[in-house]
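> starting from these lines, generate the structure:
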Amino acid sequence: MTRAVVLRAVLTSATLVLVLSACDSKVGGTPQAANTPSGSASSTKPSGTGDNPFTGLSPCTIIDQVMAGEGFPAAAPGTVDRERSCASNKPGDANVGVALQDNTGYDQGIPDPSKASRGHVGARNAIIERGSIGAAGQCTISIEVKPNSRALVSVSGNDTTEQACDRVTAIAVKVEKLLPPNT
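Presented below is the predicted three-dimensional model:
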């Protein structure tokens with residue numbers, strides 16, 4: 001599968017579910033990166049306004065912040081959902097995507113619950129999903145922001161699915177720190 005097809009699948013899925021990955025086994029436990037420095041992301045969390053907790057937030061800015069120093073190019077809006085999703089593709093490495101969805105709960109639209117595991121990113125509920133589009137080297141985490149909103153973080157690339165899931169977990173920890181409070 002080419003990167004363009006994978007990116008299109010990532011961005012198309014961002015609108016519907018943004019579910020990615022392929023994995024041989026379920027992830028047990030809690031999706032959290034070990035030894036992630038707390039100062040690795042901005043400590044200022046936007047508050048959001050009205051019903052949309054993501055008002056004033058840009059998924060492109062979030063990707064650029066969490067991937068800073070790793071050689072990824074500036075994130076670009078998705079082709080399907082330009083207002084709510086962005087991705088950055090580092091050729092030969094990975095594609096990292098973030099979607100901020102104000103109208104879908106973190107646990108909605110899971111096409112195959114047997115390939116999803118519940119856990120937490122920080123104090124927030126989360127689901128890590130594997131195998132939804134059948135391509136190796138992909139993994140997505142859906143993080144609850146408010147009862148009917150979520151942040152989706154995805155990684156696809158040259159790694160194995162297990163490596164992609166480890167990587168997306170570490171990135172999700174950084175993204176979570178930039179999200180509005182879920183209270």
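
> which residues touch residue 157?
Applying CB atoms under 8 Å, 6 or more residues apart in numbering to residue 157 gives the contacts 93-95, 137, 164. From N, CA and C alone the C-beta is placed, and that goes for glycine too.

> no wait, residue 51
With CB under 8 Å, 6+ apart, residue 51 has these contacts: residue 102.

> what's the spacing between it and residue 61?
Separation of residue 51 from residue 61 (CB to CB, to the nearest Å): 21 Å.

> residue 164 now?
Residue 164 sits 23 Å away from residue 61, going by CB to CB.

> just want to know which of these two has more residues nearby.
Higher neighbour count among residue 164 and residue 61: residue 164, with 26 against 15, using other CB atoms under 10 Å.

> which residues does the more buried one contact?
Counted by CB under 8 Å, 6+ apart, residue 164 has contacts 21, 94, 137-139, 155-157.

> so where do the helices sit in the protein?
Using DSSP state H, the helices found in the chain span residues 3-16, 59-66, 161-176.

> lowest average confidence across these, which one?
Ranked on mean pLDDT, the bottom entry among the helices of the chain is helix 3-16, at a mean of 33.

> low-confidence bits of the protein, can you list those?
Counting by pLDDT under 70, the chain contains low-confidence residues at 1-50, 131-135, 183.

> can you pull out the strands in it?
Remark: strands assigned in the chain by DSSP state E are 76-77, 85-90, 94-101, 116-121, 124-129, 138-146, 149-157.

> how about those strands in TSV, adding distance to residue 57?
Listed next are the strands of the chain as TSV, based on distance: least, CB to CB, whole Å:
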stretch	distance to residue 57
strand 76-77	13
strand 85-90	11
strand 94-101	6
strand 116-121	17
strand 124-129	15
strand 138-146	10
strand 149-157	9
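
> out of those strands, nearest to residue 68?
Between residue 68 and the strands of the chain, the tightest spacing by CB to CB is seen for strand 85-90, at 10.7 Å.
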